[in-house]
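Participant: the following block contains a protein sequence and its predicted model.
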Amino acid sequence: MRIAVLEAESWERTAFADLEAEGHRITYHKEPLEAANAADFADAEAVCIFIYSTVDAGVLDALPRLRLVATRSTGYDHIDLPACRARGITVCNVPSYGENTVAEHVFGLLLTIGHNLTEAIDRTRRGDFSPQGLEGFDLRGRTLGVIGTGAIGRHVLEIARGFGMERLAHDKYPDAAAAERLDFHYCDLDTLLRQADVISLHVPETPETRGMIDEAAFGRMREGVVLINTARGSLVDVHALLRALATGKVRAAGLDVLPEEPVVREELEVLRTLFQQEYDYRTLLADHVLLRMRNVFITPHSAFNTREALQRILDVTVANLRGFARDQPRSVVAEPRSEG
Ligand code: NAI
């Protein structure tokens, strides 16, 4: 199979060595797959991408031989599944690789906020050992509200138990066995928003979840709530978040994801895209304001980024590619339509 691996780091290549030895023809490319470069991969039968690539109808039109999209991520909102399905292209993902990893990052952000770690460390680096203004807050006894109790959300709840936090959760499909095992309580979204001191988001991006943390949701939250988002930026209305931060409704936010994140990553990209209409510039501007705020702690979508998690991603991806080539597809999120 001709496989184009995009967004490839040089160290990742060794993971694909066995596939090359099995006769697959693999090319590696640093850049993400997008409309502007899709034609360069016209002979690919499989593309192996990460989250900064976009697979939409326009990209697929430029890839006439494509049979498989293998994303090295859990989320697949960067792939147009109906468009793939309509063309008989299979899509597979890495269903789980980093549930503990992302959950650990959640507490990295939360402790950074609760103990003012960035400011504290910046001070001592400058030789300033004054503790004034660094007063933080305990996690013990505070109420954590987890929205989405899938693989990651459950790990967050498990870790929170160790911190002695009260734990509330909301999910479209509650998992009673997990609630019993991990000793947390399910409630409706409204109750969670009203009672939590810390809210952590772990639902996927879907039409239903997009913008779920909006003005009305912030309105229901406690004064001085802390918001952690390691799921997808689009779950939160950033304009409403900015207002909530400005009024003190939200005391602090820890964000691993932003709505216009792929653009925010590269200032140059911003300039380039000023000439296109694809991005919401108000949101882009709001993202940039958030980046400068002292009570907002942003990491560059790196919650998954540990050596162990990256190895698990590559292992599953190689198995996905091999499985598909052997007519035994794995981790399929969109299968070709059987009827014509
Ligand atoms: P999962 O699929 O195991 O869990 C998602 C949960 O959300 C499920 O229990 C589902 O029932 C629930 N859910 C879906 N729609 C809902 C709705 N409208 N209302 C309430 N609950 C709803 O997913 P997992 O592995 O826990 O990951 C969650 C998200 O985290 C992923 O979709 C991805 O976007 C993000 N992620 C972020 C990473 C990062 O590096 N920042 C790395 C990996 C995942």
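Facilitator: Received it, and whenever you're ready, just let me know what you need.

Participant: now do the lengthiest helix in the chain, average pLDDT.
Facilitator: Counting by DSSP state H, the longest helix found in the chain is helix 307-325. In this model, helix 307-325 carries a mean pLDDT of 96.

Participant: what's that helix in contact with?
Facilitator: With contact meaning CB atoms under 8 Å, 6 or more residues apart in numbering, helix 307-325 is reached by 1, 3, 12, 15-16, 18-19, 22, 24, 46, 48, 67-68, 70, 72-73, 90, 92, 94-95, 97-98, 101, 304, 329-331. Any C-beta I mention is one placed from the backbone N, CA and C, and that applies to glycine too.

Participant: how near is the closest residue to the ligand within the chain to Glu9?
Facilitator: Nearest residue of the chain to the ligand, counting by CB to the nearest ligand atom: Gly150, 1.6 Å away. In this structure, Gly150 and Glu9 are 27 Å apart, going by CB to CB, to the nearest Å.

Participant: more neighbours: the two, which one.
Facilitator: Gly150 (18 against 11; other CB atoms under 10 Å).

Participant: so who does that one touch?
Facilitator: Asp171, His202, Val203.

Participant: go ahead and flag the most central residue of the chain.
Facilitator: Centroid-nearest residue in the chain: Ala231, 4.3 Å away (criterion: CA atoms, centre = their mean).

Participant: ok, the closest residue to that residue other than its chain neighbours - contacts?
Facilitator: Using CB to CB, 6 or more residues apart in numbering and skipping the chain neighbours, the partner closest in space to Ala231 is Leu201 (4.6 Å). Taking CB under 8 Å, 6+ apart as the criterion, Leu201 is in contact with Ile147, Gly148, Ile213, Leu227, Ile228, Asn229, Thr230, Ala231, Leu235, Val236.

Participant: change it to 7 Å
Facilitator: Neighbouring residues of Leu201 by CB atoms under 7 Å, 6 or more residues apart in numbering: Ile147, Gly148, Asn229, Ala231, Leu235.

Participant: ramachandran coordinates for the fourth one?
Facilitator: In this entry, Ala231 is assigned phi and psi values of phi -90, psi -80 (degrees, to the nearest 10).

Participant: equivalent analysis for the last one, please.
Facilitator: Dihedral angles of Leu235 (phi, psi; degrees, to the nearest 10) stand at phi -70, psi -30.

Participant: what's around it, how many residues?
Facilitator: Residues lying near Leu235 (other CB under 10 Å) number 23.

Participant: and for Glu22?
Facilitator: When neighbours are counted by other CB under 10 Å, Glu22 registers 12.

Participant: worst-scoring helix or strand of this protein, pLDDT-wise?
Facilitator: The weakest-scoring helix or strand in the chain, judged by mean pLDDT, DSSP states H and E, is helix 267-273 (a mean of 56).

Participant: could I get the buried residue list for the helix or strand just after that one?
Facilitator: Downstream of helix 267-273, the next assigned helix or strand under DSSP states H and E is helix 281-292. Buried residues in helix 281-292, counted by 16 or more other CB atoms under 10 Å: Thr283, Leu284, Ala286, Asp287, Leu290.

Participant: now those as a markdown table including pLDDT and distance to the ligand?
Facilitator: Conversion of the buried residues of helix 281-292 to a markdown table gives the following (pLDDT from 0 to 100; distance: CB to the nearest ligand atom, whole Å):
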| residue | pLDDT | distance to the ligand |
| --- | --- | --- |
| Thr283 | 84 | 18 |
| Leu284 | 81 | 20 |
| Ala286 | 85 | 19 |
| Asp287 | 85 | 16 |
| Leu290 | 92 | 16 |
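
Participant: and of the residues you listed, the nearest to Asp122?
Facilitator: Nearest to Asp122, judged by CB to CB, of those is Leu290 at 18.9 Å.

Participant: nearest residue to that closest one in space, please, no chain neighbours.
Facilitator: Nearest residue to Leu290, sequence neighbours excluded (CB to CB, 6+ apart): Val296, at 5.0 Å.

Participant: pull the number of nearby residues for that neighbour.
Facilitator: 19.
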